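S.K.: please find the sequence and the predicted model below.
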Amino acid sequence: MRKTMIGLGAVVLALSMSAPAFADHGNDGRGGHGGDAFGRATLTGFAFLPAETYVPGSEPSGAKIGTTPVNGITPPFPGQPVQGFSGVLRRKDGTYDVLSDNGYGNKANSGDFLLRIQRLAPDFRSGKVRAVGGVNLTDPNGRVPFPLTRADRKLTGSDFDVESIVGADDGTYWIGDEFGPFLLHFSSKGVLLEAPIPLPGVKAPENPDLNGGQPNLGGSKGFEGMARSGDGRTLYPMLEGTVAGDPAGALRINEFDVRKRAYTGKRWTYQLEDPANAIGDLISVDRNRFLVIERDNGQGDTAKFKKVFQIDLRDRDKDGKADKTQVADLLDLANPRGLGGFGPTFRFPFQTIEDIVILDDRTLGLLNDNNFPFSSGRTPGKADDNEFITIRLTHDLDADPSCR
């Protein structure tokens with residue numbers, strides 16, 4: 001597979017080398033194109049990993065979701081599915097680390113789903129994605145203070161709902177959880193390095209420390225997205241749900257100091273276009289600007305809103321919310337080359353689109369969370385594959401190179 005990735009790596013390197021140097025765009029909140037709106041983005045790459053892909057030699061799973069076929073696939077499954085991608089990191093060798101999330105949708109049915117960082121190798125020439133490794137997430141040193149599902153302390157979807165991931169310069173991973181919500185710090189081998197770090201003043205219904213108290217966040221509405229500063233000293237975990245008492249559709253972005261292992265108390269507000277929408281991911285463009293996936297809950301023909309926004313935390317219009325500029329409409333991508341066998345307009349019509357990565361200053365990579373085996377946004381009645389697309393923007397992002 002290393003051989004098949006040489007072409008992609010060379011393309012990405014060449015594109016990256018041609019990107020302009022970072023500039024702080026103090027004159028506007030929309031990047032380096034004078035505040036003009038982005039136009040229609042173009043599909044430049046399409047590859048997929050089949051839905052029924054399992055980790056080799058892994059344990060069976062899905063025993064608690066019944067035995068009735070779901071989108072043509074009958075549980076339980078012969079292994080651990082390589083699915084549910086909720087965060088992506090590009091590696092220097094041309095492969096990608098992707099985070100598989102909670103498992104089958106909730107704590108009750110995901111106790112036999114092992115949390116894992118998968119490693120993928122996409123080949124956009126052949127249109128195929130291969131799973132080439134990964135690491136399970138574990139807690140052998142007893143950092144988690146509450147009971148776990150398994151005695152061997154392998155972490156499962158009943159313990160945490162992991163939805164966002166960033167890489168640290170030392171090779172470790174910071175992962176955002178939705179059940180606490182917690183920040184989790186793992187080694188490069190997937191070993192939990194310290195106790196889960198809670199978000200002060202916010203608790204989801206699944207939080208193990210509720211002790212009869214009332215949650216102020218919806219179920220599994222914790223850290224859906226998380227960005228890091230270019231220097232790696234700051235994390236920006238973003239809630240998927242609105243905290244009780246906040247305006248409808250207002251989502252908090254918090255600031256976390258990695259060296260102090262503490263929240264700074266600073267936070268910003270992202271306003272959903274519709275309170276019924278949700279976000280899928282958050283990544284840094286520079287110290288002030290970020291990219292956010294916002295989507296509705298539809299799939300297939302019912303999908304009406306799947307967009308990427310650039311936001312600016314400087315709040316130039318002083319309305320108390322991050323400024324937003326649409327970067328791409330994922331339901332209306334130009335496809336002049338007919339990639340993937342699709343027509344001149346390409347739609348990314350999945351219920352959950354939860355992965356975005358900057359490949360060069362005009363190119364983004366995006367993956368869907370296929371909610372295996374439940375989502376069927378591409379073909380009704382058929383479990384969605386894991387699709388990996390690349391899109392070309394109409395304007396440069398002028399991104400800080402350290403954020404790519």
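M.R.: Great, that's in hand. Numbering: from 1, shown residues only.
S.K.: right, and I279 touches A250 too?
M.R.: No: taking contact to mean Cβ atoms under 8 Å, the distance of 11.7 Å between I279 and A250 leaves them out of contact. For the C-beta atoms, the positions are set from N, CA and C on the backbone; glycine is no exception.
S.K.: settle it for me: which of these two has more neighbours?
M.R.: Applying other Cβ atoms under 10 Å to I279 and A250 shows that I279 carries more neighbours, namely 21 against 17.
S.K.: helix or strand for the more buried one, which one?
M.R.: If you go by DSSP states H and E, I279 is part of strand 278-284.
S.K.: same question for Q310.
M.R.: strand 306-312.
S.K.: restricting to C-alpha, output that strand in CSV.
M.R.: Provided in CSV are the C-alpha atoms of strand 306-312 (Å, rounded to 0.1, in the frame of the first residue of the first chain):
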residue,chain,number,x,y,z
LYS,A,306,-24.7,19.9,4.6
LYS,A,307,-22.3,22.8,4.5
VAL,A,308,-18.8,23.8,5.5
PHE,A,309,-18.4,27.3,7.1
GLN,A,310,-15.3,29.3,7.9
ILE,A,311,-15.8,31.1,11.2
ASP,A,312,-13.8,33.9,12.8
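S.K.: okay, now the sheet partners of it, with direction.
M.R.: Sheet pairing here is set by DSSP bridges, and for strand 306-312 it gives strand 289-295 (antiparallel), strand 323-329 (antiparallel).
S.K.: avg pLDDT for that strand?
M.R.: Over the span of strand 306-312, the pLDDT mean works out to 98.
S.K.: run through who's touching that strand.
M.R.: Outside of strand 306-312, the residues within contact range by Cβ atoms under 8 Å, 6 or more residues apart in numbering are 29-31, 270, 273, 285, 288-296, 322-331, 348-350, 353, 356, 364, 366, 397.
S.K.: among the residues you listed, name the buried ones.
M.R.: Among the contacts of strand 306-312, those classed as buried by 16 or more other Cβ atoms under 10 Å are 29-31, 270, 285, 288-296, 322-325, 327-331, 348-350, 353, 356, 364, 366, 397.
S.K.: the residue nearest to P208 when sequence neighbours are not counted in helix, strand or coil?
M.R.: Distance criterion Cβ to Cβ, 6 or more residues apart in numbering; nearest residue to P208, sequence neighbours excluded, is F146 at 4.2 Å. Of the three states, F146 takes coil under DSSP: H, G, I helix; E, B strand; the rest coil.
S.K.: and the gap between F146 and I65?
M.R.: Applying Cβ to Cβ, to the nearest Å, the value for F146 to I65 is 24 Å.
S.K.: who has more neighbours out of those two?
M.R.: Taking other Cβ under 10 Å, F146 and I65 do not tie; I65 has more neighbours (21 against 9).
S.K.: need the contact list for that one.
M.R.: Here I65 is in contact with 75-76, 104, 109 (Cβ under 8 Å, 6+ apart).
S.K.: do that again at 10 Å, thanks
M.R.: Counting by Cβ atoms under 10 Å, 6 or more residues apart in numbering, I65 makes contact with 75-77, 103-105, 108-110, 112-113, 373-374.
S.K.: just the buried residues of these.
M.R.: Among the contacts of I65, those buried by neighbour count (16+ other Cβ under 10 Å) are 75, 77, 103-105, 109-110, 112-113, 373-374.
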